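Student: structure here, sequence nowhere to be found:
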DNA sequence: CCGGTAATAATTATCGATAATCGAAAAAAG
DNA sequence: CTTTTTTCGATTATCGATAATTATTACCGG
């Protein structure tokens, strides 16, 4: 029984809080992040806030101009498209690399599929998006390459943007229907079929962001 | 004619210096990065050093333990293999995405191929590795996806490690020979052939790091 | 009223001091 | 002599003050 006390530095706490705010929409794209204001709100000094912002900047979630400050990154259409292309590359290659985890993957995919189905019935885009992300994450995780997975995860802000913008008009039922065949392909351990279906999924998705402003 | 004075913050300078040291080998994997020592050496205070370290940590080049400090990341065999798999994923997908830049790509590939050939004759592994990196970078750059390119580039430390470890025993002539067919495939605008040859290239490379340690 | 300049306010960037924590060394106990 | 506990030194983490920079506001002249 090792230590049970969990210690978290102020900078890490600030970082997490800021990321949560971005994901929740409390910090919107383009919003300024004022160091002293954040420090005051969170009851800390400027330095840990600056350090947290350095992390966010390096992750690409924040744009920083020297002596002007940091703003929540506004991803334009092209950047979002780029992120989805990278995501696709990682998922397809993960499909090519899967070693032993087919059954575990299928189990997870089934689980998320059920959550997506339920979200479709409730017309709950937020829940749908969450399950959809877990679905895709499971594919990348199944190739047991942590570098691949953490890279895939670092794109979460771009993915969040499209989820927010397209939320109102997203045809959940149609997107849902793209997924069961993918699960079946993984169930059959058919890399080629799974790849083909994933490509098709992404092609249809790219139709949605093509309609973005 | 806009401003010609280039201003660079201390934290950015510290970051660049530390990265250069890592690439040059002056900072080796496992080395401690002591904040006050670096600050003293570089004539600054602790804060910009800490900020620079936060960036390096987020990039994955440095491992940080709270209250213990930062060390240059030591990539183990598995992590290097992972990085090369991600690199392969990005290059293959870039090959699938190339739009208009075939001729520019081929021109750049020819150029780097010539540098690689010269480096082989001189048995200069450092020059060879540099040209080899530029070769692969050009492929990723040709799909005009900045997100893809910056992710590919963020793997440079892992690539640097293998270049250093394998340097003495790397059969430059054999690795060189993998490249001209790739260039020809791109010259013919054959995505499938280029992909196949790139896969082959990576398969042979994976033989080298399998022999590590 | 408009444009240019100067002053000011807000915020960022860095400094240097102090507090907190870990690991190493020294001391104590068995 | 070995193990455990305590102390100390080195280093990290944060604080709060000061310096530096940009954007905004105010003022003046044409």
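Tutor: Here it is on my side, so go on. In this text, all values refer to a predicted model and were calculated from it rather than measured experimentally. Numbers count the residues shown, from 1 in each chain, chains lettered A, B, ... in the order given.
Student: and for residue A:26, the neighbour number?
Tutor: The number of residues packed near residue A:26 is 11, by other C-beta atoms under 10 Å in any protein chain shown. Any C-beta I mention is one placed from the backbone N, CA and C, and that applies to glycine too.
Student: the closest residue to residue A:60 other than its chain neighbours and residue A:83: what is the separation?
Tutor: Nearest non-adjacent residue to residue A:60, counting by C-beta to C-beta, 6 or more residues apart in numbering or on different chains: residue A:73, 6.5 Å away. Between residue A:73 and residue A:83 the distance, using C-beta to C-beta, to the nearest Å, works out to 11 Å.
Student: pick out whichever of these two has more residues nearby.
Tutor: Neighbour count, other C-beta under 10 Å: between residue A:73 and residue A:83, residue A:83 has more, with 24 against 21.
Student: quick check: what element follows the strand or helix carrying that one along the chain?
Tutor: Taking DSSP states H and E as the criterion, residue A:83 maps to helix A:77-97. Going down the chain from helix A:77-97, the next helix or strand is helix A:102-121, by DSSP H and E.
Student: now that following helix: buried residues?
Tutor: Across helix A:102-121, burial judged by 16 or more other C-beta atoms under 10 Å in any protein chain shown covers A:105-106, A:108-109, A:112-113, A:115-117, A:119-120.
Student: distance between that helix and the chain's centre?
Tutor: Here the centre of helix A:102-121 is set off from its chain's centre by 17 Å, with C-alpha atoms, centre = their mean, to the nearest Å.
Student: who touches it?
Tutor: Helix A:102-121 is contacted from outside by A:98, A:125-128, A:130-132, A:134-135, A:138-139, A:142, A:172-173, A:176, A:179-180, A:182-183, A:186-187, A:189, using C-beta atoms under 8 Å, 6 or more residues apart in numbering or on different chains.
Student: mind checking how far the spatially most central residue of chain A is from chain B?
Tutor: The centre of chain A sits closest to residue A:156, judged by C-alpha atoms, centre = their mean, with a distance of 2.7 Å. The gap separating residue A:156 from chain B is 13 Å, by C-beta to the nearest C-beta, to the nearest Å.
Student: pLDDT score for residue A:166?
Tutor: Listed pLDDT for residue A:166 reads 64.
Student: for the one 4 residues further on, same thing?
Tutor: Among the per-residue scores, residue A:170 holds a pLDDT of 71.
Student: how about it, nearest residue that isn't a chain neighbour?
Tutor: Using C-beta to C-beta, 6+ apart and skipping residues adjacent in sequence, the residue nearest residue A:170 is residue A:125, 5.7 Å away.
Student: tell me how far that neighbour lies from residue B:35.
Tutor: 45 Å.
Student: coming back round to it: the residue nearest to residue A:170 is in contact with residue A:173, isn't it?
Tutor: No: the pair residue A:125 / residue A:173 is not scored as a contact, 11.6 Å apart, by C-beta atoms under 8 Å.
Student: so for these two, which sits in the more crowded spot?
Tutor: A side-by-side neighbour count of residue A:125 and residue A:173, using other C-beta under 10 Å, places residue A:125 first with 20 against 12.
Student: and that one, how close does it get to residue A:27?
Tutor: Taken as C-beta to C-beta, the span from residue A:125 to residue A:27 is 20 Å.
Student: cool, residue A:88 as well?
Tutor: Distance of residue A:88 to residue A:27, given as C-beta to C-beta: 28 Å.
Student: swap in residue A:13?
Tutor: Distance, residue A:13 to residue A:27, using C-beta to C-beta: 16 Å.
Student: do residue A:117 as well
Tutor: As judged by C-beta to C-beta, residue A:117 and residue A:27 stand 32 Å apart.
Student: what does residue A:87 give?
Tutor: Applying C-beta to C-beta, the value for residue A:87 to residue A:27 is 23 Å.
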